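Student: any chance you could fold what I've pasted below:
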Amino acid sequence: MPLSSRPDAQIWLAIMAAALTTALTVVSFWLSFEALHDLARSHRLQGERAWAWPATIDSFIGIGELLILRASLLRRVDPWAITITAAGSVGSIVLNIASVGVSDDPLDYVTAAVPPVAALLAFGVLMRQVHEFILSRQGVLTAPSVLPVTPSLKDVEQEDFEKAQEAVEEPEDEHDVTEEPEPVEEPEEPTGPLTQRDRIDLTVRGLYDSLGNRRPATRHIRQALAEANLPNSDGTCREARIRVEVAEPHLRTLPDAIAA
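Tutor: Below is the predicted model of the structure:
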């Protein structure tokens, strides 16, 4: 297969997966609504009220999944979103099974439980696809405007940075050293004072090493910038992390650090 056709195939596969997942989500919620509607109608709710009652149960699944998606994009864990999703899912499953009544055939209960379970899983898969799409769009929109930062510093403290500058500026008079010189040339150090954004980027880059080769969370970045008397809003933290990871793409593959 030619290389140019591979991205097209991936796009079409993603579109087909999204379409099938959406169809599965709609069908699953519809079957769950039907069962809950029958349950409501058998307990003195008629007409529009019987159709509206299932929404008080299954809507929690959609609300919780959307809140989980939002928290995921913010790289946070939302306990309320998880609780809402779990409550809606468990309630829908239990009430769908209860709509069967008394039955000697276990498959009746299995049949009643499948739609709410499928609705939860299908909607979760759909939100995962939306999550990946949004992240891919964010990468496309932010990548062209990012300026690279100096990738060779391991510590972000100003004292260590000044020591590194002095070491580079000293004349090379160590020809009698037995160690072989490194083939890679060191990048030139900045001749002028660091800008505020350079200091922010250096501070963020140092967190990857200080956290044990892990990606810092927004809380880590905000705390480090605050200690350095630098701007530390959430937007500043996220933009600095993007700039650092664009300059060094391998940092993006590191495991996330747990925000303490």
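
Student: any idea which element Ala87 lies in?
Tutor: Element membership of Ala87 [criterion: DSSP states H and E] is helix 79-98.

Student: after that helix comes which helix or strand?
Tutor: Trace forward from helix 79-98 with DSSP H and E and the next one is helix 106-142.

Student: where does the prediction get shaky in this structure?
Tutor: Filtered on pLDDT under 70, the chain yields the residue ranges 1-7, 138-192, 259-260.

Student: what residues go with each domain of it?
Tutor: As assigned by automatic domain parsing, the chain contains the domains 7-142, 148-165+193-260.

Student: make CSV out of the ones you listed and add mean neighbour count.
Tutor: The C-beta positions use only the backbone N, C-alpha and C, and glycine is treated the same way. What follows is the domains of the chain, written out as CSV (neighbours: other Cβ atoms under 10 Å):
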stretch, mean neighbour count
domain 7-142, 16
domain 148-165+193-260, 16
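
Student: hmm, who's touching the helix holding Ala87?
Tutor: By Cβ atoms under 8 Å, 6 or more residues apart in numbering, the residues outside helix 79-98 that reach it are 32, 35-36, 39, 57-61, 63-65, 67-68, 70-71, 109, 112-113, 115-117, 119-120.

Student: between it and helix 106-142, how many degrees?
Tutor: 150 degrees (axes from the mean of the first three to the mean of the last three Cα atoms, to 10 degrees).

Student: starting at the chain centroid, how far to helix 79-98?
Tutor: 24 Å (Cα atoms, centre = their mean, to the nearest Å).

Student: could you export that helix as PDB, CA atoms only?
Tutor: Provided in PDB are the C-alpha atoms of helix 79-98 (Å, rounded to 0.1, in the frame of the first residue of the first chain):
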ATOM      1  CA  PRO A  79     -14.900  11.800  41.600                       C
ATOM      2  CA  TRP A  80     -18.300  13.400  41.100                       C
ATOM      3  CA  ALA A  81     -18.400  12.500  37.400                       C
ATOM      4  CA  ILE A  82     -17.400   8.900  38.200                       C
ATOM      5  CA  THR A  83     -20.100   8.700  40.900                       C
ATOM      6  CA  ILE A  84     -22.800  10.100  38.600                       C
ATOM      7  CA  THR A  85     -21.900   7.700  35.900                       C
ATOM      8  CA  ALA A  86     -21.800   4.700  38.200                       C
ATOM      9  CA  ALA A  87     -25.100   5.700  39.900                       C
ATOM     10  CA  GLY A  88     -26.900   6.100  36.500                       C
ATOM     11  CA  SER A  89     -25.500   2.800  35.100                       C
ATOM     12  CA  VAL A  90     -26.300   0.700  38.200                       C
ATOM     13  CA  GLY A  91     -29.700   2.200  38.500                       C
ATOM     14  CA  SER A  92     -30.500   1.600  34.800                       C
ATOM     15  CA  ILE A  93     -29.300  -2.000  34.900                       C
ATOM     16  CA  VAL A  94     -31.200  -2.800  38.100                       C
ATOM     17  CA  LEU A  95     -34.500  -1.200  36.900                       C
ATOM     18  CA  ASN A  96     -34.200  -2.900  33.500                       C
ATOM     19  CA  ILE A  97     -33.900  -6.200  35.200                       C
ATOM     20  CA  ALA A  98     -36.800  -5.300  37.500                       C
END
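
Student: excluding chain neighbours, what is closest to Leu67?
Tutor: What sits nearest to Leu67 in space, not counting adjacent residues and going by Cβ to Cβ, 6 or more residues apart in numbering, is Ala81, at 3.4 Å.
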